[in-house]
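Colleague: Show me how the following folds:
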Amino acid sequence: MPELPEVETVRRGLEPVLAGATLTRVEARRPDLRFPLPEGFVQRLTGARIERLERRAKYLLGPLDRGDTLVMHLGMSGRFEIAGGQAARRPGEFHYAAPADPKHAHVVFETDGGASVTYFDPRRFGYMALIATDQLAAHPWFAGLGPEPLGADFNAQHLARAFAGRRQSVKASLMDQRIVAGLGNIYVCEALYRARISPLKPAGEIGARALTKVVTAVRTVLEEAIDAGGSTLRDYAAADGALGYFQHRFSVYGREGEPCPGPRCSGKIVRIVQAGRSTFYCPACQR
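Modeller: Below is the predicted model of the structure:
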């Protein structure tokens, strides 16, 4: 599933085309994705202006001038492709992806700027909704989310409060969306490696200095991934249909058995399973 950097990459790619644009035509080629599309989806969007394009955790949010917010989740294989319009651009450096299969083009947005934005989703695990903007924060998808990892509220003091007394591993705790929103398996592995903290360590045993390292590592690895266009594992693609390349920069993820890239470390990367997810780390330098 695309993680926060991938979703942010897509947001930045779509923003020049959709933010401030009026939707002159909307086509829903099927009545559902993962969930049924909202009643009156096409009618409620046609003629509406998208005031801006935001991201909350792994959701794309487009507040409308009609009082609703268009909420979009990419699921496992959702992707957008942009055609036409002067603002269409490639949001970062990418390897090019193969063209999307037209039979998986499910929703099309056309704008007054002449752009056409098509949502493709072969597996249909993505979804779209229209939620009243003034009720968005209280919606079940958003009410329990923790702070954004790139926002000011994500800091060592927040983690100290959230981790206090926790016997759960630090990896599982960082992936708890109630503690921090949008972090996923790949970038938690990478951040813990940079902070030199074992993913097995109980969260409540991590001291203040180490928590500061965790916060810095999380921010750094996410920012680098966003700059590079995200990890784009398997068939994920960015807003213009192009693939990113951050996977080539992973220090530990997917590198089982390889030498630790850390200076003066003779350890090897191992893979373990935590809560059904693969964890990659170096036992020699992550304590």
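
Colleague: can you map out the helices along the stretch 51-200 of the chain?
Modeller: Assignment of helices within the stretch 51-200 of the chain using DSSP state H, counting those that start in this stretch yields the ranges 156-163, 170-174, 185-195.

Colleague: Of those, which is nearest A284?
Modeller: helix 185-195 (11.5 Å; CB to CB). Quick note: C-beta positions are derived from backbone N, CA and C, even for glycine.

Colleague: could you give the angle of the helix or strand just after that closest one to helix 156-163?
Modeller: Using DSSP states H and E, the helix or strand that follows helix 185-195 in sequence is helix 208-228. Taking axes from the mean of the first three to the mean of the last three CA atoms, to 10 degrees, one finds helix 208-228 and helix 156-163 inclined to each other by 110 degrees.

Colleague: and helix 208-228, average pLDDT?
Modeller: This predicted structure assigns helix 208-228 an average pLDDT of 94.

Colleague: and it, what does it pack onto?
Modeller: helix 4-18, helix 156-163, helix 170-174, helix 185-195 (3 or more CB pairs under 8 Å, 6 or more residues apart in numbering; DSSP states H and E).

Colleague: Throw those into a markdown table and include mean pLDDT, thanks.
Modeller: Converted to a markdown table, the helices and strands packed on helix 208-228 look like this (pLDDT from 0 to 100):
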| stretch | mean pLDDT |
| --- | --- |
| helix 4-18 | 90 |
| helix 156-163 | 98 |
| helix 170-174 | 98 |
| helix 185-195 | 96 |
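
Colleague: want to try JSON lines for those helices, with mean neighbour count and distance to R209 as columns?
Modeller: What follows is those, written out as JSON lines (neighbours: other CB atoms under 10 Å; distance: least, CB to CB, whole Å):
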{"stretch": "helix 4-18", "mean neighbour count": "25", "distance to R209": "25"}
{"stretch": "helix 156-163", "mean neighbour count": "17", "distance to R209": "9"}
{"stretch": "helix 170-174", "mean neighbour count": "23", "distance to R209": "14"}
{"stretch": "helix 185-195", "mean neighbour count": "25", "distance to R209": "10"}
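
Colleague: Pipe these into CSV and attach distance to S278 per row.
Modeller: Putting these into CSV (distance: least, CB to CB, whole Å) gives the following:
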stretch, distance to S278
helix 4-18, 18
helix 156-163, 23
helix 170-174, 11
helix 185-195, 7
